[in-house]
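S.K.: everything below, folded, please.
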Amino acid sequence: MIDTHIRDWLPSWIGRRSPEALRVRGTSSRVSRLSAQYDAEVDAALQRLWPKARVYHDREYTRDRADFLLVVRGRGVMIETKVKSDPGVFRGSTLPPLLDRLQRDGRRLVVLVNQGDPAPARDLISTKLGDKGRILVWSGPHHDTDLRQAVEALLEQTTRHA
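M.R.: Take a look at the predicted model:
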């Protein structure tokens, strides 16, 4: 059957797609709303912890680019956010394209998960990025100290990437 609703195919035809159209198929709108809210909270935390830093947010969904680039004192750290709707284990099955790209580029990465046990993903990140990658559970200002320590540890590394 042919889709006769021009509003459904015209944005993709002219190269622009709505954020809803960029959402991975099979995810619920609840998870999408949680992700948007989580990203806003992480953005506020980055601004709060590093008020003089530049924070760039990638508005387009892709699996091989991080959600944020935080530039502090001329050094950059990529920030990837992951939202789980349940408190179970986070395995990091969506991370390999991003990790492969960052491994090639030599960039630093902090993955923030809203809840759950990130141990399996920690092993994956360590294997791909070594000491240039961190993962932690961040679910609000009470985890700001952990976030600051993870980012500052990566910023102290000698290689520069903005």
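
S.K.: when you work out contacts or count neighbours from here on, use the C-alpha atoms and nothing else.
M.R.: Noted.

S.K.: so what touches whichever strand or helix holds residue 149?
M.R.: Applying DSSP states H and E as the criterion places residue 149 in helix 144-155. Residues from elsewhere that reach helix 144-155 (CA atoms under 8 Å, 6 or more residues apart in numbering): 45, 49, 72, 75-77, 108, 110, 131-134, 136, 138.

S.K.: swap in stretch 114-128?
M.R.: 38, 81-84, 86-93, 99-100, 103, 133-139.

S.K.: doesn't residue 32 fall inside a helix?
M.R.: Yes - judged by DSSP: H, G, I helix; E, B strand; the rest coil, residue 32 forms part of a helix.

S.K.: state the number of residues packed around it.
M.R.: 16 (other CA atoms under 10 Å).

S.K.: on that earlier part again, give me the buried positions along the helix holding residue 149.
M.R.: Within helix 144-155, the residues scored as buried using 16 or more other CA atoms under 10 Å are 144, 147, 150-151, 154-155.

S.K.: show only the entries of the contacts of stretch 114-128 found in strands.
M.R.: 81-82, 133-137 (DSSP state E).

S.K.: which among these end up buried?
M.R.: 81-82, 133-137.

S.K.: confidence score at residue 22?
M.R.: If you check residue 22, the pLDDT there is 43.

S.K.: no wait, residue 86
M.R.: For residue 86, the pLDDT comes out at 86.

S.K.: now it: phi and psi?
M.R.: phi -130, psi 160 (degrees, to the nearest 10).

S.K.: residue contacts, it?
M.R.: 115-116.

S.K.: tally of neighbours for residue 120?
M.R.: If we define neighbours as other CA under 10 Å, then residue 120 has 13 of them.

S.K.: any idea how far residue 89 is from it?
M.R.: 8 Å (CA to CA, to the nearest Å).

S.K.: surely residue 45 touches residue 143?
M.R.: No - checked against CA atoms under 8 Å, the pair residue 45 and residue 143 is beyond contact range at 9.7 Å.

S.K.: compare those two and say which is more crowded by neighbours.
M.R.: Set residue 45 next to residue 143 and count neighbours by other CA under 10 Å: residue 45 wins out with 18 against 13.

S.K.: could you look up the SS state of the more buried one?
M.R.: Look at residue 45: counting by three-state DSSP, its state is helix.

S.K.: ok, now which ones touch it?
M.R.: 141, 144.

S.K.: state the pair within the ones in strands among the contacts of stretch 114-128 that is farthest apart.
M.R.: Using CA to CA, the pair of the ones in strands among the contacts of stretch 114-128 lying farthest apart is 82 and 133, separated by 14.8 Å.
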